[in-house]
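Student: I need the structure of the sequence given here:
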Amino acid sequence: MKIIETSHISKIYKMGNNIVNALQDVSISIEKGEYVAFMGPSGSGKSTLMNIVGCLDSPTSGSYSLNNHLVSEMTENELAEIRNKEIGFVFQTFNLLPRASALENVALPLIYAGYSKSERNEMAMAALESVNLADRYHHKPNELSGGQRQRVAIARALVNNPSIILADEPTGNLDTKTSYGIMTLFQELHDKGNTIIMVTHEDDIAHYAHRIIRLRDGLVEWDRKNENVNRGVPA
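Tutor: Numbering: from 1, shown residues only. The predicted model follows:
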């Protein structure tokens with residue numbers, strides 16, 4: 001079942017007198033349950049593609065279908081609901097509220113979804129348990145390590161049981177050992193059936209994904225299955 005399908009999308013930005021072709025004629029499809037990495041150097045278009053897939057931006061031309069629904073025909077309210085319920089976002093900078101506990105940070109998307117406080121706390125605690133961080137539920141971000149903060153961010157992405165997890169450079173602010181720990185966690189989430197799309201410029205991190213789409217200068221350079229998936233910490 002195709003969960004994501006882009007058809008000949010392009011994205012053009014005007015920066016003063018300059019025109020930047022961030023994406024050019026990109027057509028990809030991703031099946032439910034896949035684990036895909038968008039890879040490429042800085043300026044390749046991978047983050048732009050991620051933003052379009054996550055309904056945070058829209059293409060200049062071409063079309064994008066999410067769960068067989070044409071995104072361009074959705075209202076702002078429908079898009080906001082999709083971003084809250086269908087897509088879980090994990091960012092390089094964690095994006096946690098500094099004065100809120102881990103539990104409160106994880107529960108945040110559930111406020112917008114209309115759950116009661118007791119329901120939010122129960123669901124948030126279950127999400128923290130899924131990333132092995134339930135014992136840190138009352139800690140604030142400055143009381144957690146970088147890896148623990150990223151696990152809180154992943155729990156927040158999971159709390160609404162989304163169709164897709166989008167991770168933008170999820171190991172970008174982490175040391176090597178912690179990065180591999182986070183990648184092992186993503187593999188466990190994929191093994192449970194989650195669809196995961198990750199943006200990275202790091203080759204070793206990309207090889208945790210089961211399929212790699214490499215972009216360069218706004219074009220898909222190649223798109224192939226990863227025959228050598230990293231299943232643990234590389235030697």
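
Student: Next up, the contacts around residue 59.
Tutor: By C-beta atoms under 8 Å, 6 or more residues apart in numbering, residue 59 lies in contact with 6, 9-11, 23, 52. For the C-beta atoms, the positions are set from N, CA and C on the backbone; glycine is no exception.

Student: Leaving out the residues flanking it, which one is nearest to residue 203?
Tutor: The shortest distance from residue 203 to any non-neighbouring residue, by C-beta to C-beta, 6 or more residues apart in numbering, is to residue 39 (7.5 Å).

Student: ditto for residue 38
Tutor: residue 46 (4.2 Å).

Student: That neighbour against residue 215, yeah?
Tutor: Yes. Using C-beta atoms under 8 Å, residue 46 is in contact with residue 215, at 5.0 Å.

Student: Report the set of residues contacting both of the two.
Tutor: 38-40.

Student: Name the member of these with the most neighbours.
Tutor: residue 38 (27 neighbours; other C-beta atoms under 10 Å).

Student: looking at this, residue 198 is in a helix?
Tutor: No. Counting by DSSP: H, G, I helix; E, B strand; the rest coil, residue 198 is located in no helix; its state is strand.

Student: Return the residues in contact with the residue nearest to it when sequence neighbours are not counted.
Tutor: Excluding the flanking residues, the one nearest residue 198 by C-beta to C-beta, 6+ apart is residue 167, at 4.4 Å. Residue 167 makes contacts with 89-90, 157, 186, 196-199, as judged by C-beta under 8 Å, 6+ apart.

Student: Just the element for residue 167, please.
Tutor: Per DSSP states H and E, residue 167 falls inside strand 164-168.
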